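> Fold the following, please.
(one chain, ligands or ions: 1)
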Amino acid sequence: MDDSTLVFTSSLDVDSRMAFYDVMGSLAHVNMLKACHIIPAEDVDSIIQGLRAILKEIEDGTFQLDFKLEDIHTNIEFSLTERIGPAGGKLHPGRSRNDQVAVDFRMYLRDKALDAVRSIDGLVTSLLKIAEDNTDSIMPGFTHMQHAQPVTLSHHMLAYVFKFSRDADRFMDAFDRMNKCPLGAAALAGTTYPIDRFMTASALGFKEPTENSMDSVSDRDFVNELAFCATQTQLHLSSLCEELVYWSSQEFAFIEMDDKFTTGSSIMPQKKNPDIAELVRGKTGGVVGALMSMIVLTKGLPLTYNRDLQEDKRPVMDSMDTVIDCLEIMSKVMATTTFKKDRLMEVTSRGQINATDLADYLVTKGIPFREAHAIVGAAVRESIESGVNLEDMPLEKLRTFSDRIEDDVYKFIPVQSCVERRISYGGTSSSSVDMELSKAIEQLMQREEVLRQERQLIENCWKELIG
Ligand code: ARG
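Below is the predicted model of the structure:
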């Protein structure tokens with residue numbers, strides 16, 4: 001091959017990140033070859049010694065990579081043969097680089113999925129703390145960026161808690177689906193050697209082997225799925241960050257971010273910029289782009305392996321790193337941000353945010369909701385023109401809009417009552433919010449237990465293989 005061909009076709013700069021997993025895959029494979037009497041036991045021992053020496057160098061960062069050897073799989077196999085001689089050549093029966101790359105990538109992404117779940121749960125923990133501390137902090141709830149109805153800060157934060165919890169669950173679902181072992185699918189059709197795919201699958205911590213050899217080497221749906229999980233998480237982060245950006249503006253002044261997590265300006269001494277939030281919002285573009293790359297990459301590929309598939313790694317490796325970085329820093333940002341409770345209350349009390357409640361009140365007095373809506377519309381107009389809030393208007397004034405209004409109206413329309421009366425399941429009242437909090441904590445704890453078990457299982461496999 002021409003040098004330019006070697007350079008152009010190499011994937012080493014990206015797939016060398018999977019070096020550890022490649023060694024694990026080879027160790028599992030060679031143990032199986034031995035158990036199935038496919039190669040002599042003494043060759044197996046020297047292959048294992050050689051692979052362990054390579055692993056040590058990979059971990060020390062001293063393993064020498066040769067770009068002329070296309071990818072990490074070939075680099076490791078060549079290095080093995082250099083170390084132990086021709087026995088190194090006995091590692092490959094019953095597999096091919098096509099199933100090797102598929103199994104390595106699944107192991108790599110399986111770990112990244114668990115990393116992402118851990119980082120999401122870190123952020124969820126920070127958000128839960130804000131929610132727990134603010135069950136009585138009232139703020140405006142918005143639709144169309146206009147004051148809509150009052151809510152508690154707790155309720156607002158819990159909205160994000162449930163969004164991110166779903167993201168974590170989604171990663172776990174994807175983890176489950178990708179947790180099948182393609183090793184032994186070989187090039188595409190399986191192999192004539194009497195291999196035991198169940199043995200390698202279990203040695204590598206997979207649930208079971210993949211069912212179809214052609215499917216195993218041709219598909220990257222697990223990559224696409226993870227790229228989507230990353231994208232959805234990043235979209236949720238970008239909404240949160242957008243809110244933080246304007247909440248920290250002088251006009252809103254809902255929050256104050258900690259100096260440690262804001263930046264200054266090179267010329268304006270007073271500036272305290274929410275750069276982290278803006279960067280997270282900005283990095284969303286790259287994460288969405290990775291998903292698009294993968295979808296287009298895999299469109300219309302005939303079965304089975306095609307070299308196009310070598311382009312599958314960089315996008316999702318980068319997007320997983322990005323989303324994990326963003327989650328980690330946002331967890332610190334949220335843990336150190338101060339919410340200005342007085343300001344939130346002041347802003348909430350300023351307008352006619354309790355108009356729905358006045359209409360609901362009229363409904364309890366037998367007025368059809370549509371009629372009540374129009375009556376309150378007139379009262380709101382008066383409130384805007386006079387600058388007197390609905391709850392501050394004297395009863396005689398309120399009764400000019402409807403004679404059904406009585407003294408008990410003042411139990412309905414203060415913003416605290418508006419919040420507390422929303423007792424519907426999932427609503428903003430403190431009783432509903434308590435339920436939300438305990439659900440969210442329960443989900444978090446269940447997930448942490450599953451995460452711990454999955455990690456343990458994988459760690460045990462590595463210990464067993466490395467010896
Ligand atoms: N470097 C390749 C990749 O990452 C490995 C598989 C190569 N297989 C092949 N038939 N050329 O996809």
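
> Please count neighbours and contacts with C-alpha atoms only from this point.
Fine.

> how about the residues of the stretch 1-150 of the chain that lie near the ligand?
Applying Cα under 6 Å from any ligand atom, one finds that the stretch 1-150 of the chain approaches the ligand through 11, 71, 97-98, 101.

> Would you check which pair of those residues lies furthest apart?
Largest separation among these by Cα to Cα: Ser11 and Asn98, giving 13.6 Å.

> and the nearest residue to Leu65 once chain neighbours are set aside, what does it touch?
Spatial nearest neighbour of Leu65, chain neighbours left out: Asn75 (6.5 Å); criterion: Cα to Cα, 6 or more residues apart in numbering. Contact analysis of Asn75 by Cα atoms under 8 Å, 6 or more residues apart in numbering lists 65-66, 69.

> among the residues you listed, who's most crowded?
Highest neighbour count within the contacts of Asn75: Leu69, with 19 neighbours (other Cα atoms under 10 Å).

> can you list the weak-confidence ranges in the stretch 151-300 of the chain?
Within the stretch 151-300 of the chain, no range satisfies pLDDT under 70.

> For it, give the residue positioned nearest to the ligand.
Ala187 (7.6 Å; Cα to the nearest ligand atom).

> Between Ser11 and Asn98, tell me which one has more neighbours.
Each of Ser11 and Asn98 has its neighbours counted (other Cα under 10 Å); Asn98 has more, 23 against 19.

> The more buried one reaches Val217, doesn't it?
Yes. Here Asn98 reaches Val217: they are 5.8 Å apart, a contact under Cα atoms under 8 Å.

> Residues that sit against both of those two, list them.
Common neighbours of Asn98 and Val217 are listed as 187-188, 305 (criterion: Cα under 8 Å, 6+ apart).

> how about the strands in the stretch 51-200 of the chain?
According to DSSP state E, counting those that start in this stretch, the stretch 51-200 of the chain carries its strands in the segments 138-143, 146-152, 180-181.

> which of the ones you listed is buried the deepest?
Comparing the strands of the stretch 51-200 of the chain by mean neighbour count (mean count of other Cα atoms under 10 Å), strand 180-181 ranks first with a mean of 24.

> contacting residues around it?
Strand 180-181 has contacts (Cα under 8 Å, 6+ apart) with 103, 200-201, 206-210.

> Filter these down to just the buried residues.
Among the contacts of strand 180-181, those classed as buried by 16 or more other Cα atoms under 10 Å are 103, 200-201, 206, 208-210.

> farthest-separated two in these?
Greatest spacing in the buried ones among the contacts of strand 180-181, by Cα to Cα: Val103 and Glu208 (12.3 Å).

> Counting only helices, which of the buried ones among the contacts of strand 180-181 make the cut?
In this view, these that belong to helices under DSSP state H are 103, 200-201.

> Format these as JSON lines; extra columns: distance to Met257.
Below are those laid out as JSON lines (distance: Cα to Cα, whole Å):
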{"residue": "Val103", "distance to Met257": "44"}
{"residue": "Thr200", "distance to Met257": "50"}
{"residue": "Ala201", "distance to Met257": "48"}
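
> Going by neighbour count, list what's buried in stretch 88-99.
Applying 16+ other Cα under 10 Å to stretch 88-99 flags 88, 90-99 as buried.

> oh, I was asking about stretch 459-467
Under 16+ other Cα under 10 Å, the buried positions of stretch 459-467 are 461-462, 465-466.

> Of the residues you listed, which ones also sit close to the ligand?
Of the residues in those, proximity to the ligand by Cα under 6 Å from any ligand atom holds for none.

> Considering those, which is situated nearest to Tyr108?
Using Cα to Cα, the shortest approach to Tyr108 within the buried residues of stretch 459-467 belongs to Trp462, at 13.1 Å.

> Pretty sure that closest one sits against Met24.
Yes. Between Trp462 and Met24 there is a contact under Cα under 8 Å: 7.1 Å.

> Quick one: list the elements packing against the helix or strand that contains Leu457.
Secondary structure assignment for Leu457, by DSSP states H and E: helix 430-466. Secondary-structure packing of helix 430-466 (3 or more Cα pairs under 8 Å, 6 or more residues apart in numbering; DSSP states H and E): helix 19-35, helix 97-133, helix 153-178.

> need these in TSV with distance to Gln446, can you?
Shown next, in TSV, are the helices and strands packed on helix 430-466 (distance: least, Cα to Cα, whole Å):
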stretch	distance to Gln446
helix 19-35	28
helix 97-133	11
helix 153-178	11
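
> So which of those is nearest Ala290?
Closest to Ala290 of the helices and strands packed on helix 430-466, according to Cα to Cα: helix 97-133, at 14.5 Å.

> Go through the closest one and flag the buried ones.
Buried residues in helix 97-133, counted by 16+ other Cα under 10 Å: 97-128, 130-132.

> re the thing from before, for the contacts of Asn75, give me CSV that also has pLDDT and distance to Leu457.
Formatted as CSV, those follow (pLDDT from 0 to 100; distance: Cα to Cα, whole Å):
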residue, pLDDT, distance to Leu457
Leu65, 96, 31
Asp66, 95, 33
Leu69, 95, 33
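
> so how far is Asp312 from Val287?
14 Å (Cα to Cα, to the nearest Å).

> Between the buried residues of stretch 459-467, which sits nearest Tyr193?
For the buried residues of stretch 459-467, the residue nearest Tyr193 by Cα to Cα is Leu465; the value is 22.3 Å.

> wait, that closest one sits on Ser26?
No. Under the contact definition of Cα under 8 Å, Leu465 does not touch Ser26, with a separation of 9.7 Å.

> show me what contacts Phe164?
Phe164 sits next to 120-121, 124, 233, 236 when contact means Cα under 8 Å, 6+ apart.
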